[in-house]
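# give the three-dimensional model of this entry:
(one chain, ligands or ions: 2)
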Amino acid sequence: MNAADYQSFADAWESRATIRTRPRRVLENDDKLIYPLSRQPLVLSETFLRECPQLRDFALVQTLYKFINDVVIFETEIVDKTARSIAKNRFAVEFPFACRYDAMTVVVDEDYHALVAMDFMQQAIGLTGISPIELPDEIELSRAIPAAVALAPEHLRSAVELICVAIAENTVTGDVAAFAKDATVKQSIKGLMADHLLDEGRHSGFWARLVRIYWHTASADDRHCIAQILPVFIGHYLTNDIQKSFDFRLIDALQTNDATRHALKNEMSALAFPINRHHPLVANIVRFFRSSSLLESPCVQTALSDYLV
Ligand SMILES: [Fe+2]
Ligand SMILES: [Fe+2]
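Ligands and ions are numbered 1, 2, ... in the order given. From the prediction side, this is the model:
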């Protein structure tokens, strides 16, 4: 695909973007869950179910706060930054106006997602009376993207940034999808996730097309150089340190005894996913490498062989 063939999705954005079409959602005061059990393995662990099942809702609301905090960081610090520089034509890779216009709709969508997330944070605190424990000030991508960009020569830094953001925008989508189907979760939370997912469907295709356009113009040397950086990025992206320290802080905040806390930490440590082809996000990442055409290049196939089935 060439830059000249790029078709804007501006019409679809006008008719379907959630900022254009959705009323504010209000958190229901009902007895459904505020966060899916399947997304916080702590509350499903043997020790938790035996020793402190009454703390389930506390643990779930804290996990919702962490999720919201992650969304705000991702949208405002990661995607907004890259999309905005494309829109403003400050990106080293030059894109046609239609791409830059679409990039601006991504900026608007992402900042709106952050706003909705902040609204839900306030609503959840108001409804439950539970304040958040200390939340992380970064997400895995806050480290993974700078680490990848630092490995690139000057002229490839923005291309690497573009590819990293495109990978991230193509992996969160499936992750959020799990929410939308869970009948035990509050309707407004599911609606929040479904709204977000609708916008992200547009974004994932957008980023894949930009990467495709870029890759088409990249020289063999540049492609080879970028291919070597990809596994480093993925390794940082899939690490579990930030989630693990949050889970440990959450366990420390549980009103229970030290022996239970110790057992919970042991059980959670055993659950970490390996950073290889068996990690649940890898299938999404590989799908992106196909849709963006990167995987057609032998240098990418070789560099990613650990992640390919
Ligand atoms: Fe978003
Ligand atoms: Fe997005």
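# list the contacts of the most centrally placed residue in the chain.
Of all residues in the chain, the one closest to the mean position by CA atoms, centre = their mean is residue 172, 3.9 Å from it. Residues touching residue 172, when contacts are defined by CB atoms under 8 Å, 6 or more residues apart in numbering, comprise 74, 200. Backbone N, C-alpha and C define where each C-beta goes, glycine included.
# distance check, it against residue 288.
Going from residue 172 to residue 288 by CB to CB, to the nearest Å gives 11 Å.
# repeat for residue 25
Here residue 25 is placed at a distance of 29 Å from residue 288 (CB to CB).
# could you check which of those two has the larger neighbour count?
Set side by side, residue 25 and residue 288 show more neighbours around residue 288, with 23 against 18, by other CB atoms under 10 Å.
# touching, that one and residue 208? I think so.
Yes: taking CB atoms under 8 Å as the definition, residue 288 is a contact partner of residue 208 at 6.3 Å.
# show me whatever sits in contact with both of those two.
Counting by CB under 8 Å, 6+ apart, the contacts common to residue 288 and residue 208 are 166, 170.
# keeping just the C-alphas, turn stretch 256-273 into PDB.
Extracted as PDB, the C-alpha positions of stretch 256-273 are listed here (Å, rounded to 0.1, in the frame of the first residue of the first chain):
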ATOM      1  CA  THR A 256      -6.100 -10.000  56.900                       C
ATOM      2  CA  ASN A 257      -3.200 -11.600  58.700                       C
ATOM      3  CA  ASP A 258       0.500 -11.900  57.600                       C
ATOM      4  CA  ALA A 259       0.400 -15.600  57.000                       C
ATOM      5  CA  THR A 260      -2.500 -15.100  54.500                       C
ATOM      6  CA  ARG A 261      -0.700 -12.200  52.800                       C
ATOM      7  CA  HIS A 262       2.400 -14.300  52.400                       C
ATOM      8  CA  ALA A 263       0.500 -17.200  50.900                       C
ATOM      9  CA  LEU A 264      -1.300 -14.900  48.500                       C
ATOM     10  CA  LYS A 265       2.000 -13.400  47.300                       C
ATOM     11  CA  ASN A 266       3.300 -16.900  46.700                       C
ATOM     12  CA  GLU A 267       0.300 -17.900  44.700                       C
ATOM     13  CA  MET A 268       0.300 -14.700  42.600                       C
ATOM     14  CA  SER A 269       4.000 -15.100  41.800                       C
ATOM     15  CA  ALA A 270       3.400 -18.600  40.400                       C
ATOM     16  CA  LEU A 271       0.800 -17.200  38.000                       C
ATOM     17  CA  ALA A 272       3.000 -14.900  35.900                       C
ATOM     18  CA  PHE A 273       2.900 -15.600  32.200                       C
END
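# average pLDDT across it?
Taken as a whole, stretch 256-273 has a mean pLDDT of 94.
# got it, and stretch 195-202?
93.
# give me the neighbour count for the closest residue to residue 12 other than its chain neighbours.
Taking CB to CB, 6 or more residues apart in numbering, and ignoring the residues beside it in sequence, residue 12 has residue 202 as its nearest neighbour in space, at 6.5 Å. Counted with other CB under 10 Å, residues neighbouring residue 202 total 17.
# and the residue in the chain that ligand 1 sits nearest to, what element?
Closest approach between the chain and ligand 1, counting by CB to the ion: residue 113, at 3.9 Å. For residue 113, the host element (DSSP states H and E) is helix 97-128.
# same check on residue 213?
If you go by DSSP H and E, residue 213 is part of helix 187-217.
# what angle separates the next helix or strand after that helix from helix 187-217?
Reading on from helix 187-217 to the C-terminus, the next helix or strand found by DSSP H and E is helix 220-237. Taking axes from the mean of the first three to the mean of the last three CA atoms, to 10 degrees, one finds helix 220-237 and helix 187-217 inclined to each other by 160 degrees.
# buried residues, helix 220-237. List them.
By neighbour count, with 16 or more other CB atoms under 10 Å as the criterion, the buried positions of helix 220-237 are 222-227, 229-231, 233-237.
# alpha carbons only: can I get the lowest-mean-pLDDT helix or strand in the chain in PDB?
Evaluated with mean pLDDT, DSSP states H and E, the helix-and-strand set of the chain has its lowest mean pLDDT in helix 157-180, which scores a mean of 86. What follows is helix 157-180 as a C-alpha-only set of coordinates in PDB (Å, rounded to 0.1, in the frame of the first residue of the first chain):
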ATOM      1  CA  ARG A 157      13.600   6.700  16.000                       C
ATOM      2  CA  SER A 158      10.100   7.900  14.900                       C
ATOM      3  CA  ALA A 159       9.600   4.700  12.800                       C
ATOM      4  CA  VAL A 160      10.300   2.600  15.800                       C
ATOM      5  CA  GLU A 161       8.000   4.700  17.900                       C
ATOM      6  CA  LEU A 162       5.300   4.300  15.300                       C
ATOM      7  CA  ILE A 163       5.600   0.600  15.100                       C
ATOM      8  CA  CYS A 164       5.600   0.200  19.000                       C
ATOM      9  CA  VAL A 165       2.500   2.300  19.300                       C
ATOM     10  CA  ALA A 166       0.900   0.400  16.500                       C
ATOM     11  CA  ILE A 167       1.700  -2.900  18.200                       C
ATOM     12  CA  ALA A 168       0.200  -1.600  21.500                       C
ATOM     13  CA  GLU A 169      -3.000  -0.300  19.700                       C
ATOM     14  CA  ASN A 170      -3.400  -3.800  18.100                       C
ATOM     15  CA  THR A 171      -3.000  -5.800  21.300                       C
ATOM     16  CA  VAL A 172      -5.100  -4.000  23.900                       C
ATOM     17  CA  THR A 173      -8.200  -4.500  21.700                       C
ATOM     18  CA  GLY A 174      -8.600  -8.200  22.300                       C
ATOM     19  CA  ASP A 175      -7.700  -7.600  26.000                       C
ATOM     20  CA  VAL A 176     -10.600  -5.300  26.600                       C
ATOM     21  CA  ALA A 177     -13.000  -7.600  24.600                       C
ATOM     22  CA  ALA A 178     -13.100 -10.100  27.500                       C
ATOM     23  CA  PHE A 179     -14.900  -7.500  29.600                       C
ATOM     24  CA  ALA A 180     -17.800  -6.900  27.300                       C
END
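# all set, thanks.
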